[in-house]
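Undergrad: What would the 3D arrangement of this be:
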Amino acid sequence: MKRKLLVQALLLLSLAFLPAIGQALYLRHEISWDAPPVAKDEITIEEALAGGDSLLWVDARPDAQFEREHIPGALALNEDRWNELLPLFLTAWAPAKRTIVYCSSQSCAASHEVARRLREEAGLKNIFVLHGGWEAWLQAKK
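TA: Have a look, this model is predicted:
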């Protein structure tokens with residue numbers, strides 16, 4: 001009797017997992033299982049590109065990287081030259097535009113720091129960080 005109950009329980013358990021296994025196999029190329037979650041102050045590249053011309057891109061990478069290549073129309077605003085670059089940024093900023101700050105990669109903290117300072121020190125709203133950074137931009141443009 002116990003054996004019969006055990007077999008039935010295992011059968012029910014395996015049947016319960018079938019839809020999940022099927023979905024995982026079917027969507028295996030569409031879901032990045034190891035991707036870090038998008039934080040509340042971040043925006044994905046897809047969401048950003050959907051904004052069209054109502055975006056203001058801010059590059060938080062060092063000057064050398066910005067000069068080598070950057071998102072078209074992006075403004076440089078990094079920690080090294082914050083006091084010098086902030087006034088230039090403020091002349092281009094508009095409340096109606098969504099400001100998206102990026103740096104070199106997902107692990108780069110510079111974009112989060114620049115975004116935090118824009119929110120807290122400059123008192124600006126509508127400031128986001130590009131999830132995945134410059135690498136996400138390059139991947140989207142392939």
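
Undergrad: can I see the domain layout of this structure?
TA: Each domain of the chain is listed here as a residue range: 1-31, 42-140, per automatic domain parsing.

Undergrad: can you give me the strands in the chain?
TA: Counting by DSSP state E, the segments of the chain that form strands are 42-43, 55-59, 75-76, 98-102, 127-130.

Undergrad: Make JSON lines out of those and add distance to residue 4.
TA: C-beta: built from backbone N, CA, C; applies to glycine. Rendered in JSON lines, the data for the strands of the chain read as follows (distance: least, Cβ to Cβ, whole Å):
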{"stretch": "strand 42-43", "distance to residue 4": "52"}
{"stretch": "strand 55-59", "distance to residue 4": "63"}
{"stretch": "strand 75-76", "distance to residue 4": "71"}
{"stretch": "strand 98-102", "distance to residue 4": "60"}
{"stretch": "strand 127-130", "distance to residue 4": "57"}
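
Undergrad: Can you add mean neighbour count, distance to residue 112 and mean pLDDT and give these back as JSON lines?
TA: Formatted as JSON lines, those follow (neighbours: other Cβ atoms under 10 Å; distance: least, Cβ to Cβ, whole Å; pLDDT from 0 to 100):
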{"stretch": "strand 42-43", "mean neighbour count": "22", "distance to residue 112": "9", "mean pLDDT": "92"}
{"stretch": "strand 55-59", "mean neighbour count": "23", "distance to residue 112": "12", "mean pLDDT": "95"}
{"stretch": "strand 75-76", "mean neighbour count": "20", "distance to residue 112": "17", "mean pLDDT": "96"}
{"stretch": "strand 98-102", "mean neighbour count": "26", "distance to residue 112": "8", "mean pLDDT": "95"}
{"stretch": "strand 127-130", "mean neighbour count": "25", "distance to residue 112": "6", "mean pLDDT": "95"}
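
Undergrad: Hmm, residue 54 is touching residue 99, no?
TA: No: Residue 54 sits out of contact with residue 99 when judged by Cβ atoms under 8 Å, with a separation of 10.4 Å.
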